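[1] Attaching a predicted model along with its sequence, questions to come.
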Amino acid sequence: MYRFEQTFMNFLLQHQERHKRTYHFLILMDALISSAKHIQHYYLTGALKGNLDSAEDVNVQGEDVMRMDRIAQEVTLYYLKSSGRVIHAISEESDEIIPIHPEGGRYFVYFDPLDGSSNIPHGLPVGFLFGIAKRNLDGPEDGHLRAGKDYIAAGMFVIPTGTFTLGLKEAGAWRFHIDETMTFVRPTRIWLPEDMKNWELSFNASNRHTYAERVQKWILENESRYAFRYLGALAGDFHRVLSNGGMFMYPAIVNHPNPKKNRPEGKLRLMYEAAVVAFICREAGGAAVNEEGIPILDIQPTKHHQRTALYVGSKRLVDDITKVLKEKG
Ligand code: F6P
């Protein structure tokens with residue numbers, strides 16, 4: 001007997017109707033789902049077409065060869081434009097803010113269509129991350145950059161694994177899987193597990209001696225209690241933490257032997273990396289802070305490509321490191 005599964009679109013339709021909302025958000029999400037499916041398709045066939053190399057613009061046959069990150073950007077912008085619902089977009093792949101429908105649009109979309117680029121040449125998992133905020137419906141819209149707490153939704157596709165996790169404001173974190181017809185199905189509510197049994201720590205261990213002393217000390221005192229996992233793509237690493245519990249961190253680099261390589265402001269981008277996972281994490285019962293222990297969702301961006309340090313995951317663990325981060329010196 002064939003097993004019918006609830007589709008993502010049907011889940012969202014019911015959600016919108018239950019909350020007496022419009023269908024505009026469905027149209028926007030349809031555009032993001034179409035983008036993700038196309039990116040996934042290009043990624044899976046990329047090795048054959050040369051898309052996974054850092055190819056030049058034209059290959060030896062004289063054909064255009066686009067790098068995967070540029071394909072992902074083009075695909076996403078095409079669907080966002082055709083949705084007719086986006087005011088402007090901010091993308092990791094574009095220096096400037098991208099105006100789309102400044103007058104008629106309803107949403108702001110902040111995205112990174114292919115995050116975790118060191119995995120691309122290997123065909124290993126990468127992420128498509130996005131955050132969505134809504135225009136001011138009560139008065140004139142000034143187009144200011146929204147803080148994570150003002151997002152209405154944030155999501156991440158882990159490409160090409162076919163998993164999609166979406167945080168809906170005050171309505172939970174939900175995971176979906178792609179089926180054999182390329183449809184996202186089977187909504188599953190995600191809660192970070194309280195039980196510490198499978199908790200994991202995830203950070204780039206080769207950087208550990210470059211972290212602030214208090215962070216290094218915290219790692220030394222705590223690491224033996226947890227399994228250590230690191231893929232090097234935020235979406236994949238955070239996906240594991242959401243399922244198993246624990247913490248992903250990308251601390252500030254302040255003690256690099258070559259001071260030019262220090263990153264006191266952190267490495268990850270606030271608007272389409274850190275705030276996205278922080279939003280999903282909050283909806284799953286977790287927390288996220290920066291190097292000063294300030295909640296990521298409270299940070300008001302002043303630049304669209306602003307960077308931040310990030311500690312995200314199970315609330316108890318993030319609260320514990322927050323105390324250390326707030327210590328002076
Ligand atoms: O910011 C991009 C990114 O690739 C993230 O997806 C990932 O978590 C991080 O950088 C990995 O950085 P590193 O190679 O320094 O560990």
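    In hand now; what should we look at?
[2] Most proximal residue of the stretch 1-150 of the chain with respect to the ligand?
    residue 116 (3.9 Å; CB to the nearest ligand atom). Backbone N, C-alpha and C define where each C-beta goes, glycine included.
[3] Which positions in this protein make contact with the ligand?
    Applying CB under 6 Å from any ligand atom, we find that the chain lies next to the ligand at 115, 116, 117, 118, 204, 232, 233, 234, 237, 268, 273.
[4] Got a ChimeraX select line for the buried ones in these?
    Filtering the residues of the chain next to the ligand down to the buried ones (16 or more other CB atoms under 10 Å) takes a single ChimeraX command:
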select :115,116,117,232,233,234,237,268,273
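[5] Can you add distance to residue 256, pLDDT and secondary structure and give the residues of the chain next to the ligand back as a markdown table?
    Conversion of these to a markdown table gives the following (distance: CB to CB, whole Å; pLDDT from 0 to 100; DSSP: H, G, I helix; E, B strand; the rest coil):
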| residue | distance to residue 256 | pLDDT | secondary structure |
| --- | --- | --- | --- |
| 115 | 23 | 93 | strand |
| 116 | 22 | 92 | coil |
| 117 | 21 | 86 | helix |
| 118 | 19 | 86 | helix |
| 204 | 13 | 98 | coil |
| 232 | 18 | 97 | coil |
| 233 | 22 | 97 | coil |
| 234 | 21 | 98 | helix |
| 237 | 22 | 98 | helix |
| 268 | 17 | 98 | strand |
| 273 | 21 | 98 | helix |
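[6] and residue 132, how many neighbours does it have?
    Per other CB atoms under 10 Å, the neighbour tally for residue 132 reads 25.
[7] Let me fix that, I meant to ask about residue 289.
    So residue 289, with other CB under 10 Å, has 26 neighbours.
[8] mind checking how far it is from residue 263?
    17 Å (CB to CB, to the nearest Å).
[9] and what of residue 81?
    Residue 81 is 34 Å from residue 263, by CB to CB.
[10] before we move on, what about residue 113?
    Taken as CB to CB, the span from residue 113 to residue 263 is 23 Å.
[11] which sections of the chain are below the confidence cut-off?
    Where the chain drops to pLDDT under 70, the residues are 1, 53-66, 328-329.
[12] For the residue of the stretch 1-150 of the chain closest to the ligand, give me phi and psi.
    The phi and psi values for residue 116, taken as degrees, to the nearest 10, are phi 100, psi 40.
[13] cool, residue 87 as well?
    According to degrees, to the nearest 10, residue 87 has phi -80, psi -60.
[14] can you pull the contacts of it?
    Residues near residue 87 by CB atoms under 8 Å, 6 or more residues apart in numbering: 99, 100, 101, 102, 105, 106, 107, 108, 135, 141, 143.
[15] Tell me if I'm right that the last one and residue 88 touch.
    Translated: residue 143. Yes. With contact defined as CB atoms under 8 Å, residue 143 reaches residue 88; the gap is 6.7 Å.
[16] where do the contact lists of these two overlap?
    Joint contacts of residue 143 and residue 88 (CB under 8 Å, 6+ apart) are 102, 108.
[17] between the two, who's got more neighbours?
    residue 88 (19 against 14).
[18] That one: helix or strand, and which one exactly?
    Assigned by DSSP states H and E, residue 88 belongs to strand 86-91.
[19] ok, the helix or strand following that strand: who's next to it in the sheet?
    Once the chain leaves strand 86-91, the next helix or strand it forms, by DSSP H and E, is strand 98-99. If you go by DSSP bridges, strand 98-99 pairs up with strand 86-91 (antiparallel).
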